[in-house]
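[1] structure here, sequence nowhere to be found:
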């Protein structure tokens, strides 16, 4: 690694904080609420007016701010694309959405699968990752995904068959915190990783509240681990980047959500964990704080590296514009304003001891050696020792391994046939020779089955690795489908614009006609008077 890279690894950097304000909902408009938030995207500032108290104005400045008209791709390209690129280089990265319930956190993180312009941060990162992996030459990749939720301070594996099972946290070899026995699935395409996400989403806890028809009742974390192997000077060097994408449950006030029973208990746990997160942020930015209370909740323990540790982190503060949420909006912005003062120490994770890619490579080499020995050492030596077949030169020929095994089976059958037809042998000799041949046939059959099982295992392991210099057909097809959808959506947009323009022209023409008719009538009336 160059000296500039070493320097970059040990430098600290601040958590990036962006704010996104959604538009007024139809319900808020129907209820007569007004917008009290003004977003200046050029200056990166947010102004919040208290419409109940004239003159009360709060101003905040952030790395980036996005108004109600901002698109999903605009947000991804300008904020998250560079972070995902860093993860592909071997850094840890975390993206998490925070805010009051009903402000669009899940829309920002996940969005809608179609049309493509409504995809959120998580699915857009999938396309970004696999586009990079499939078009990078000379590198080998292993990509895997996990999905968990923290529901009422209990960790659930959203990809497990038993979603009621509770999981425990543990510290790994480099001091980070992981979930013990959490499921991890190797994925080779956007389609496969999207399937993993969809399976997890069906198991996530959501419910109706007065603030949100489909309110997230848990904190969800989607984890994508990207291992990359580069060969330099005949040595393999592995980098491992981990991307945590966190959709936090929204902070709630019972007086507004009218939660009761189970919903109220859920809200209490949610607010407690968010409070613990706030305490961690407060401790990290206070100069005189000697203790950071990461252990106060499972959420803060899992985000320990993301807040003040080995990670590049972006926080998205989601807010609503309605005046009746003035207090909650101010609380979110204060929270976010404090978070931008957190300093992390990100570094490239090089040659970690627990890299799964290295384990795969070692196992593939081992399986290949066993296969080679089974053919050249196992079967060949046994047949040389026991076979009475005249065609000895066959053993010395360089033939395909598969053809060789088939040939041995054929020759055994021929020898059985010869013994069976030999009238000079007594019954006992025939039985003894046939028994020997049957034994050899079983051994050969076992060798064939063992070799086939090894081949299948080897092919399975090799198929999980993605070679960057081979652009997979699936990746090409996905790109073509994506491009076709984009063109269709663009054509629809142009057609809609033309339709609106034509409508506007017709309205102008109608207004001009009415004005002309009015003038003609006025001229006619005045002419009569004259």
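    Received the coordinates, thanks. In this text the structure is predicted, and so the values were computed from the model without any measurement. Numbering: from 1, shown residues only.

[2] which element, helix or strand, includes the one residue sitting closest to the centre of the chain?
    Residue closest to the mean C-alpha point of the chain, counted by Cα atoms, centre = their mean, is residue 224 at 4.9 Å. Using DSSP states H and E, residue 224 sits in strand 219-232.

[3] now that strand, how far from the chain's geometric center?
    9 Å (Cα atoms, centre = their mean, to the nearest Å).

[4] for this structure, what's the longest helix?
    helix 473-529 (DSSP state H).

[5] who's residue 235 bridged to?
    Bridge pairing for residue 235 (DSSP bridges) gives the partners residue 232.

[6] start at 37 instead
    Renumbered: residue one is now 37, and that last one reads residue 271.

[7] and it, how many neighbours?
    8 (other Cβ atoms under 10 Å). From N, CA and C alone the C-beta is placed, and that goes for glycine too.

[8] from residue 387, how far off is it?
    10 Å (Cβ to Cβ, to the nearest Å).

[9] residue 278 too?
    On the measure of Cβ to Cβ, residue 278 and residue 387 end up 15 Å apart.

[10] more neighbours: these two, which one.
    residue 278 (23 against 13).

[11] now do the contacts for the more buried one.
    123, 128, 129, 259, 260, 261, 262, 385 (Cβ atoms under 8 Å, 6 or more residues apart in numbering).

[12] one more: residue 80?
    Residue 80 neighbours (Cβ under 8 Å, 6+ apart): 97, 98, 99, 100, 101.

[13] farthest-apart pair in those residues, please.
    97 and 100 (10.5 Å; Cβ to Cβ).

[14] the more surrounded of these two?
    Ranked by neighbour count (other Cβ under 10 Å), residue 97 and residue 100 place residue 100 first, with 17 against 14.

[15] can you pull the phi and psi angles for the more buried one?
    The phi/psi pair for residue 100 (degrees, to the nearest 10) reads phi -150, psi 150.

[16] which residue is the nearest non-sequential neighbour of it?
    The shortest distance from residue 100 to any non-neighbouring residue, by Cβ to Cβ, 6 or more residues apart in numbering, is to residue 54 (4.3 Å).

[17] any idea of the pLDDT on that neighbour?
    According to the prediction, residue 54 has pLDDT 96.

[18] do the same with the one 5 residues further on
    With respect to pLDDT, residue 59 has a value of 94.

[19] re the thing from before, show me the contacts of residue 80 that map onto strands.
    97, 100, 101 (DSSP state E).

[20] would JSON lines of these with pLDDT and distance to residue 116 be doable?
    Below are the ones in strands among the contacts of residue 80 laid out as JSON lines (pLDDT from 0 to 100; distance: Cβ to Cβ, whole Å):
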{"residue": "97", "pLDDT": "95", "distance to residue 116": "20"}
{"residue": "100", "pLDDT": "95", "distance to residue 116": "11"}
{"residue": "101", "pLDDT": "96", "distance to residue 116": "15"}
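
[21] from these, pick the one nearest residue 147.
    If you rank the ones in strands among the contacts of residue 80 by distance to residue 147 using Cβ to Cβ, residue 100 comes first, at 18.3 Å.

[22] would you mind measuring from that closest one to residue 78?
    For residue 100 relative to residue 78 (Cβ to Cβ), the value is 11 Å.

[23] likewise residue 472?
    89 Å.

[24] which one's more surrounded, these two?
    Each of residue 472 and residue 78 has its neighbours counted (other Cβ under 10 Å); residue 472 has more, 14 against 6.

[25] and what about that one, helix, strand or coil?
    helix (DSSP: H, G, I helix; E, B strand; the rest coil).

[26] surely residue 350 is in a strand?
    Yes: the assignment for residue 350 (three-state DSSP) places it in a strand.

[27] how deep is it tucked in, by neighbour count?
    Using other Cβ under 10 Å, residue 350 has 21 neighbouring residues.

[28] for it, which non-adjacent residue is spatially closest?
    Using Cβ to Cβ, 6+ apart, the nearest residue to residue 350 is residue 52, at 4.6 Å.

[29] give the contact list for that neighbour.
    By Cβ under 8 Å, 6+ apart, the contact set of residue 52 is 99, 115, 349, 350, 351, 376.

[30] quick check: residue 187 touching residue 257?
    No: using Cβ atoms under 8 Å, residue 187 is not in contact with residue 257, being 12.0 Å away.

[31] ok, so of the contacts of residue 278, who is nearest residue 531?
    residue 260 (37.2 Å).

[32] re earlier: let me know the pLDDT of the residue nearest to the centre of the chain.
    96.

[33] before we move on, what about residue 150?
    As predicted, residue 150 sits at a pLDDT of 83.

[34] and what of the one 3 residues further on?
    What the model reports for residue 153 is a pLDDT of 90.

[35] now residue 298
    67.

[36] same thing with residue 76?
    pLDDT, residue 76: 94.

[37] ok, now residue 408?
    So, for residue 408, pLDDT stands at 67.

[38] give me the number of residues near the nearest residue to residue 359 once chain neighbours are set aside?
    Computed as Cβ to Cβ, 6+ apart, the closest residue to residue 359 that is not its neighbour in sequence is residue 72, at 4.2 Å. Applying other Cβ under 10 Å, we find 21 residues neighbouring residue 72.

[39] for residue 72, phi and psi?
    Dihedral angles (degrees, to the nearest 10) for residue 72: phi -120, psi 10.

[40] relative to residue 238, how far out is it?
    From residue 72 to residue 238 the distance is 37 Å (Cβ to Cβ).

[41] also residue 534?
    40 Å.

[42] before we move on, back to that, which of the contacts of residue 278 lies closest to residue 559?
    Nearest member of those to residue 559, counting by Cβ to Cβ, is residue 129, at 72.8 Å.

[43] pretty sure that closest one sits against residue 349.
    Yes: shown here, residue 129 and residue 349 form a contact pair, counting by Cβ under 8 Å, at 7.3 Å.

[44] let me know the closest of the ones in strands among the contacts of residue 80 to residue 222.
    Distances from residue 222 to the ones in strands among the contacts of residue 80, taken by Cβ to Cβ, are shortest for residue 100, at 34.4 Å.
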